[in-house]
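> Sequence unavailable; structure follows:
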């Protein structure tokens, strides 16, 4: 497994990229508020062909999948419970 931070010259960034067997497996962007700005996360999801992508937020209780991008928006407590 590998854990990385992504940022390119256009300053698009994603907080966590997790590799499984040297292949992109999971992207995670962490935000305090759910501002629904999925631009960078969606860019890297498409570019690297990552099967799972999450926007993890501290505020809000709703969990849903963005219909345009397939990115899941999830509260931090639920996301972290899923890691246990």
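Received it, and whenever you're ready, just let me know what you need. Not measured: the values here are computed from a predicted model. Numbers count the residues shown, from 1 in each chain.
> just to confirm, which helix or strand has residue 80 in it?
helix 76-82 (DSSP states H and E).
> Centre of the chain to that helix, how far?
Using CA atoms, centre = their mean, to the nearest Å, the mean C-alpha position of helix 76-82 is found 13 Å from that of the whole chain.
> same question, stretch 13-22
Taking CA atoms, centre = their mean, the mean C-alpha location of stretch 13-22 is offset from the chain mean by 9 Å.
> What residues of the helix ranked longest in the chain count as buried?
In the chain, assigned by DSSP state H, the helix with the most residues is helix 39-48. Within helix 39-48, the residues that count as buried by 16 or more other CB atoms under 10 Å are 40, 41, 42, 43, 44, 45, 48. Just so you know, the C-beta spots here come from the backbone N, C-alpha and C atoms, and that holds for glycine as well.
> Residue 22 contacts residue 2, correct?
Yes: with contacts defined as CB atoms under 8 Å, residue 22 counts as touching residue 2 at a distance of 7.3 Å.
> what about residue 53, how many neighbours?
As a burial measure, the neighbour count of residue 53 was computed by other CB atoms under 10 Å and equals 25.
> mind checking which helix or strand it is in?
Under the criterion of DSSP H and E, residue 53 resides in strand 52-57.
> And the contacts of that strand?
Residues from elsewhere that reach strand 52-57, judged by CB atoms under 8 Å, 6 or more residues apart in numbering: 25-34, 36, 38, 41-42, 45, 69-76, 79.
> Among those, name the buried ones.
Burial by neighbour count, judged by 16+ other CB under 10 Å, picks out 25, 27-29, 31, 34, 38, 41-42, 45, 69, 71, 73-75, 79 from the contacts of strand 52-57.
> Identify the farthest-apart pair in those residues.
25 and 34 (23.6 Å; CB to CB).
> Residue 78 versus residue 12, what's the distance?
Distance of residue 12 to residue 78, computed by CB to CB, to the nearest Å: 26 Å.
> Give the bridge partners for the residue nearest the centre of the chain, please.
Most central residue of the chain, judged by C-alpha distance to the mean C-alpha position with CA atoms, centre = their mean, is residue 28 at 2.6 Å. Counting by DSSP bridges, residue 28 is bridged to residue 16, residue 54.
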